[in-house]
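Colleague: Just to be clear, the model below is a prediction. Sequence and coordinates:
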Amino acid sequence: MSAEKRPVPEALLHDLWRRQHFDTGALRTPGDRPVTVRAPGCPNTDAGPDFCQAHVRVGGQAWRGDVEIHRASSGWFDHDHHRDARYNAVALHVTLYADGWTGGLVREDGSPLPELVLAPHLTDPLRELLHEFRTRPNDDRALLCAPRWAEVPEALRADWVEKMAEERLEAKKQRLVDRYFAAPDVEALLQERLFAGLGYAKNDDAMGDLARRVPQALARRLAATDRRDLEALLLGLAGLIPDPSDLPEADRATADYASSLAERFERLRNEHAALAAPMEPARWQFFRLRPANFPPLRIAQAAALLAPGGVLHQDPLGQLLDAVHSEKPARALRALLEATAPTNFWKTHFRLEKATKERDPSVGRRRRDTLITNAVVPVLLLCAEQRGDDRLAAAVRALLRDLPGGSDRVTRRFRALGMRPENALEAQGQHQLYRTRCREARCLECRIGQHVLES
Ligand code: SF4
């Protein structure tokens with residue numbers, strides 16, 4: 001076997017096609033007809049051809065259809081596509097290498113199928129392409145339209161992202177509207193959203209569930225008298241207080257704290273028969289989490305929000321409205337969420353089983369900004385709608401324009417194309433675009449994709 005005719009994963013070929021990562025200047029079929037790729041199509045994750053809705057020109061004729069990819073032409077027959085009517089819409093068969101079948105493929109309906117052999121057009125040796133493909137972080141996987149991004153006018157991209165931001169805000173608000181009609185309690189919704197925000201991606205559902213189990217009045221009362229009772233209530237309802245007999249190797253202070261929480265939670269359950277049942281410990285994710293995101297610490301921070309000085313302790317909605325209408329709303333809201341330092345125990349613990357080095361256990365500024373965007377903003381938009389308060393709705397958008405855009409897995413994809421989000425509103429737009437269009441390969445429902453196809 002020649003060094004270059006090594007087996008390569010078809011995933012690499014899909015990636016090269018998706019990114020059009022080859023010399024696209026002088027493509028020709030084996031029969032020497034020119035090939036131009038207008039749009040590579042959308043990856044198909046279901047049964048059927050590999051890419052759908054591609055747009056190619058072969059020998060001067062435009063085709064909109066599917067693309068099927070194999071290592072060599074024989075793959076078309078090996079997989080019986082020549083007998084499968086689902087492949088009659090394939091406009092182009094793309095292979096890495098030519099073989100004895102190249103140039104002789106037919107569809108199930110008997111029509112000849114044009115082909116493109118990529119190997120002569122690769123810009124780098126295969127082993128380098130393969131290495132780059134295998135080592136490239138997922139974050140850097142380019143958007144489908146990346147090769148044509150520069151052709152899209154900047155104003156069109158900016159308008160579309162702004163529209164996406166509005167769509168995202170509306171969707172977030174609508175989810176709360178539905179919940180509000182089921183149980184019209186804005187403060188409970190705020191508690192749920194703040195808890196879920198602290199749970200981050202992996203424990204947001206579980207934190208939201210916990211928030212619904214915590215009776216606000218009881219929590220505030222306990223917080224005013226004994227913070228440790230409040231932590232016992234929350235961690236006990238979460239099902240996360242370990243049995244003291246399961247801590248034979250914990251240091252004395254850790255074991256004592258866990259025992260104290262267990263006793264307190266037991267007492268609270270006896271005193272408050274209406275308390276919800278504890279959650280299953282298996283609901284909580286620890287795997288691949290940074291210790292700072294471990295649920296016990298996040299729950300202790302949530303308890304701090306309910307304690308005196310925390311935004312949830314007294315008149316949360318009034319405090320939020322004052323802050324958002326203040327001279328510097330972003331700063332005022334950050335300050336409201338600042339009281340997230342739990343009891344001293346958490347300076348040396350991420351969980352209840354063992355001690356670690358001392359550090360500040362409160363929620364950092366970036367996470368507080370995320371809480372504002374994902375928890376506070378939707379609740380304020382709900383209030384604006386309930387009250388018909390346009391001034392509040394405008395203040396919420398101004399607030400988002402005042403918060404930094406930040407950097408995450410989604411915004412980095414757009415930043416790689418030169419579109420760095422200037423503020424949190426733009427970042428929201430990029431998230432909506434990526435999650436509802438790019439990730440689903442719904443480029444035909446995207447103005448950027450439509451522009452690329454039409455140009
Ligand atoms: S949905 Fe739009 S922005 Fe996303 S990859 Fe497709 S064309 Fe590009």
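Modeller: Great, that's in hand. Numbers count the residues shown, from 1 in each chain.
Colleague: is the one helix or strand in the chain whose mean pLDDT sits lowest anywhere near the ligand?
Modeller: Ranked by mean pLDDT, DSSP states H and E, the weakest helix or strand in the chain is strand 42-43, scoring a mean of 77. No. For strand 42-43, no contact with the ligand is found by CB under 6 Å from any ligand atom; the gap never falls below 7.7 Å. (C-beta placed from N, C-alpha, C; glycine too.)
Colleague: near the ligand, which residues of the chain show up?
Modeller: When proximity is defined as CB under 6 Å from any ligand atom, the chain approaches the ligand at 143-145, 433, 437-438, 442-443, 446, 448-449.
Colleague: Now which of the residues you listed would you call buried?
Modeller: The neighbour count (16 or more other CB atoms under 10 Å) marks 143-145, 433, 437-438, 443, 446, 448-449 as buried among these.
Colleague: Output those residues as JSON lines; include the columns secondary structure.
Modeller: Listed next are those as JSON lines, based on DSSP: H, G, I helix; E, B strand; the rest coil:
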{"residue": "Leu143", "secondary structure": "coil"}
{"residue": "Leu144", "secondary structure": "coil"}
{"residue": "Cys145", "secondary structure": "coil"}
{"residue": "Leu433", "secondary structure": "helix"}
{"residue": "Arg437", "secondary structure": "coil"}
{"residue": "Cys438", "secondary structure": "helix"}
{"residue": "Cys443", "secondary structure": "helix"}
{"residue": "Cys446", "secondary structure": "coil"}
{"residue": "Ile448", "secondary structure": "helix"}
{"residue": "Gly449", "secondary structure": "helix"}
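Colleague: Just the closest of these to Gly318, please.
Modeller: Checking those against Gly318 by CB to CB gives Leu433 as the nearest, at 35.2 Å.
Colleague: List the contacts of that closest one.
Modeller: By CB atoms under 8 Å, 6 or more residues apart in numbering, the contact list for Leu433 reads 160-161, 164, 446.
Colleague: change it to 7 Å
Modeller: Residues in contact with Leu433 (CB atoms under 7 Å, 6 or more residues apart in numbering) are 161, 164, 446.
Colleague: What helices and strands are in contact with the lengthiest helix in the chain?
Modeller: Taking DSSP state H as the criterion, the chain has its longest helix at helix 154-182. On a contact count with 3 or more CB pairs under 7 Å, 6 or more residues apart in numbering; DSSP states H and E, helix 154-182 meets helix 186-198, helix 377-387, helix 424-436, helix 447-454.
Colleague: quick check: angle from the helix or strand containing Leu297 to helix 186-198?
Modeller: Under the criterion of DSSP states H and E, Leu297 resides in helix 295-306. Angle, helix 295-306 to helix 186-198, by axes from the mean of the first three to the mean of the last three CA atoms, to 10 degrees: 150 degrees.
Colleague: can you tell me the average pLDDT over helix 295-306?
Modeller: The average pLDDT within helix 295-306 is 95.
Colleague: List of residues touching that helix?
Modeller: Contacts of helix 295-306 (CB under 7 Å, 6+ apart): 194-195, 198-199, 203, 207, 210, 219-220, 223, 230-231, 234-235, 238, 240, 284, 310-313, 339-342, 346, 350-352, 361-363.
Colleague: so what strands line up beside the least confident helix or strand of the chain?
Modeller: Its sheet considered, strand 42-43 pairs with strand 51-58 (antiparallel) by DSSP bridges.
Colleague: Format the CA atom coordinates belonging to the strand it pairs with as CSV.
Modeller: The C-alpha trace of strand 51-58 is given here as CSV (Å, rounded to 0.1, in the frame of the first residue of the first chain):
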residue,chain,number,x,y,z
PHE,A,51,-24.9,15.9,3.2
CYS,A,52,-28.3,17.3,2.3
GLN,A,53,-29.3,20.5,0.4
ALA,A,54,-26.0,21.0,-1.3
HIS,A,55,-25.7,23.3,-4.3
VAL,A,56,-23.1,22.4,-7.0
ARG,A,57,-22.5,23.1,-10.7
VAL,A,58,-21.3,20.3,-12.8
